[in-house]
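>>> sequence and predicted structure below; questions after.
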Amino acid sequence: MDPVTKALDELHRRISGLKGGEVASYIPKLAQADPEDFGIAITSMGGRRYQAGKADIEFTIQSVSKPFVYALALTDLGPDEMLRRVGAEPSGEAFNAISLEPGTGRPANPMVNAGAIATTALVSAADSEARSARILDCLSAFAGRRLGYDEEVCASEAATGDRNRALAYLMRSAGSLSDDPYAVTATYFRQCSVLVTAADLAVMAATLANGGRNPVTGEQVVERGVAVRTLAVMATCGMYDGAGEWLLNVGLPAKSGVSGGLIAVGPGRFGVAVYSPPLDLVGNSVRGVAALTVMSERLSLHLMHAPVHLTATVTDTGHGARSSCVRSAEQTALLNCSSGRIIAVGAQGELEFTETEQLLGAVEGAVPASPGWLVLDLMAVTGIRPGSAAMLAAGLADIARRGHRIVVAAQEPFLAAGDGHPDGHSDWRAFGSRDDAVAWCEDQLLAGEPSAGPPAAGGGS
């Protein structure tokens, strides 16, 4: 199991026992959800996907659809016209409040129900059926697979949706909605009843994080500028009247839904999603908020913590690493013949979650199937966040368990002995330079060391 999945599993176990909150019941079908269902998923900018718990259970997307439909309408209208029709200010009120601008009827923002209904109506289409089809195509492109509907939930929403219809009629009377309110809300109900999983939502969130390009399929779903504006609205309005506290504590653009879905976005880094039906008083998933709060603290994900990355994290991944040691002709020939058994992977800069995940991906791609020696060159690394250090240590421990010898070259002791290993012993040796690390590996190879199992006690530090 890779270290990211292990970290998610540990987080899932930690949060699973959290009680509190109530499953949404104002839509009767949603009240049937199992309050114990709980899944977490992450998608990286490299398209790598990780998950824990019930991340493959389907549920209806509900309000988590709002930022993606906003991105579609924004693409159709452009930023100026979109802002003229739907505002971008936090309402400070409940998701179904009457948040309309006096005199114009303009909704406060596209993340509350009034604004979402108006946004749905702004999606260009010949009729309601075509509009629903475009919305489903958009959500499917964000998810990277074809999505469908829960017709029972759609019918349940339609049967209990009088407040949303009332909001639409109020906007119609104020002049901010030109389409038929009944038809628009029917389309909105259908939009909210699209079936997704936490794994789907993580890909959708990652697509926004990746400037509108789906990192799994490679499709440019929306333009980068559209993704940026969508994330900005999510940051200020996505968590309803809990948005300010969320931004303080978690610091990521996010959107929740009454079915228990919650997405968060690390721009240029990852998309994460949680599914857990019990909701707090403002309509956000209790376990979802708790899980993202812990993740943000442990991995320093808060936007205000993000450094400026001017260079690539991974500097080299190569077989046949050689030291400057003078070797005999016979030794040189043996090292040349065994060049695939010693590999070196270098990194630079500050290692946070995204950089560490990229480094681990590079290491996994470089390590040969048969046991050999891995030189992890951290000489140009300036720092590693504690959560990232633990993740990196866990990855190295897993590689060591497969029979590889690991040496780490670093100016600072970024990885403490015993990190990532259940019995506390070190899975690697530490050296003060890359050349010394590679030379040690060469010495072991020339001595006929089989390179299996953890390093013996007493060598290295």
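Yes, it's here.
>>> which residue, other than its chain neighbours, is closest to Tyr169?
By the measure of Cβ to Cβ, 6 or more residues apart in numbering, the closest residue to Tyr169 outside its immediate chain neighbours is Pro181, 4.7 Å from it. The C-beta positions use only the backbone N, C-alpha and C, and glycine is treated the same way.
>>> for Thr120, what are phi and psi?
For Thr120, the backbone dihedrals are phi -60, psi -40 (criterion: degrees, to the nearest 10).
>>> surely it meets Pro181?
No - using Cβ atoms under 8 Å as the test, Thr120 is too far from Pro181 to be in contact (11.5 Å).
>>> look at these two and report which has more neighbours.
With neighbours defined as other Cβ atoms under 10 Å, Thr120 and Pro181 compare such that Thr120 has more, 29 against 20.
>>> element containing the residue lying closest to the more buried one once chain neighbours are set aside?
Closest residue to Thr120 in three dimensions, ignoring its sequence neighbours and counting by Cβ to Cβ, 6+ apart: Tyr188, at 4.8 Å. Element membership of Tyr188, judged by DSSP states H and E, is helix 181-192.
>>> what residues does that helix touch?
Outside helix 181-192, the residues within contact range by Cβ atoms under 8 Å, 6 or more residues apart in numbering are 60-63, 65, 69, 116-117, 120-121, 128, 131-132, 135, 139, 149, 153-154, 157-158, 161, 164-165, 168-169, 171-172, 177, 257.
>>> just how off-centre is the following helix or strand past it within its chain?
The helix or strand immediately downstream of helix 181-192 is strand 195-196, counting by DSSP H and E. For strand 195-196, the distance between its averaged C-alpha position and the chain's averaged C-alpha position is 17 Å (Cα atoms, centre = their mean, to the nearest Å).
>>> what lines up beside strand 195-196 in the sheet?
Applying DSSP bridges to the sheet, strand 195-196 is found paired with strand 59-60 (antiparallel).
>>> so what secondary structure elements neighbour the helix or strand of the chain with the lowest mean pLDDT?
Here the helix or strand of the chain ranked lowest by mean pLDDT, DSSP states H and E is strand 314-319, holding a mean of 82. Judged by 3 or more Cβ pairs under 8 Å, 6 or more residues apart in numbering; DSSP states H and E, the packing partners of strand 314-319 are strand 342-351, helix 353-366, strand 373-384.
>>> which ones are touching the nearest residue to Tyr275 once chain neighbours are set aside?
For Tyr275, the nearest residue in space outside its immediate sequence neighbours is Ala198; the separation is 4.2 Å by Cβ to Cβ, 6+ apart. By Cβ under 8 Å, 6+ apart, the residues touching Ala198 are 39-41, 51, 54-57, 261, 273-275.
>>> where are the low-confidence patches of the stretch 51-200 of the chain?
Counting by pLDDT under 70, the stretch 51-200 of the chain shows low-confidence ranges at 91-97, 99.
>>> mind listing the helices for it?
For the stretch 51-200 of the chain, applying DSSP state H, counting those that start in this stretch gives helices covering 66-77, 79-85, 113-122, 128-143, 151-159, 162-174, 181-192, 198-209.
>>> just confirm Val274 is within a helix.
No - with DSSP: H, G, I helix; E, B strand; the rest coil as the criterion, Val274 is assigned strand and is not in a helix.
>>> count the neighbours of Arg401 for me.
Considering only other Cβ under 10 Å, Arg401 is surrounded by 12 other residues.
>>> cool, and Leu299?
Leu299 has 24 neighbours, counted by other Cβ under 10 Å.
>>> pretty sure it contacts Gly387?
Yes - Leu299 is within contact range of Gly387, at 4.3 Å (criterion: Cβ under 8 Å).
>>> so what sits against both of these two?
Where contact means Cβ under 8 Å, 6+ apart, the residues bridging Leu299 and Gly387 through contact with each are Phe353.
>>> which of the contacts of Ala198 fall in strands?
Within the contacts of Ala198, residues falling in strands by DSSP state E are 39-41, 51, 261, 273-275.
>>> between these, which is closest to Glu364?
Taking Cβ to Cβ as the measure, Glu364 sits nearest to Gln51 out of the ones in strands among the contacts of Ala198, at 17.7 Å.
>>> who does that closest one bridge with?
According to DSSP bridges, beta-bridge pairing links Gln51 with Ala41.
>>> for it, give its distance to Glu89.
Remark: distance between Gln51 and Glu89 (Cβ to Cβ, to the nearest Å) = 35 Å.
>>> so which bits of the least confident helix or strand of the chain are buried?
For strand 314-319, the neighbour count (16 or more other Cβ atoms under 10 Å) marks 314-315 as buried.
>>> let me know the secondary structure of the residue positioned nearest the centre of the chain.
Using Cα atoms, centre = their mean, the residue of the chain that lies closest to the mean C-alpha position is Gly271, 2.2 Å off. Using three-state DSSP, the three-state assignment for Gly271 comes out as strand.
>>> from Gln62, how far out is it?
Gly271 sits at a distance of 18 Å from Gln62 (criterion: Cβ to Cβ).
>>> how much space separates the residue nearest to Tyr275 from Val294?
As judged by Cβ to Cβ, Ala198 and Val294 stand 16 Å apart.
>>> returning to what we had before: to Met111, which of the helices and strands packed on strand 314-319 lies closest?
Between Met111 and the helices and strands packed on strand 314-319, the tightest spacing by Cβ to Cβ is seen for helix 353-366, at 25.8 Å.
>>> the closest one packs against which elements?
Using 3+ Cβ pairs under 8 Å, 6+ apart, helix 353-366 sits against helix 3-16, strand 39-44, strand 270-275, strand 314-319, strand 342-351, strand 373-384, helix 386-401.
>>> what comes up buried for that helix?
Using 16+ other Cβ under 10 Å as the test for burial, helix 353-366 gives 353-363, 366.
>>> which one among these gets closest to Leu231?
Closest approach between the buried residues of helix 353-366 and Leu231, by Cβ to Cβ: Thr354, at 15.9 Å.
>>> how about the nearest residue to the closest one, chain neighbours excluded?
Nearest non-adjacent residue to Thr354, counting by Cβ to Cβ, 6+ apart: Arg269, 4.0 Å away.
>>> please parse this protein into its domains.
Following automatic domain parsing, one gets these domains for the chain: 3-305, 314-446.
>>> out of the ones you listed, deepest packed?
Counting by mean count of other Cβ atoms under 10 Å, domain 3-305 has the highest mean neighbour count of the domains of the chain, with a mean of 21.
>>> endpoint to endpoint, it covers what distance?
The first and final residues of domain 3-305 sit 23 Å from each other (Cα to Cα, to the nearest Å).
>>> centre of the chain to that domain, how far?
Computed by Cα atoms, centre = their mean, the separation of domain 3-305 from the middle of its chain amounts to 14 Å.
>>> stretch 328-342 now?
Here stretch 328-342 shows a centroid-to-chain-centroid distance of 43 Å under the convention Cα atoms, centre = their mean.
>>> I'd assumed Val194 was in contact with Gly148.
Yes - Gly148 is in contact with Val194 according to Cβ under 8 Å; the separation is 7.3 Å.
>>> which non-adjacent residue is nearest Gly225?
Once its chain neighbours are removed from consideration, Gly225 has its nearest residue in Pro79; the separation is 7.7 Å (Cβ to Cβ, 6+ apart).
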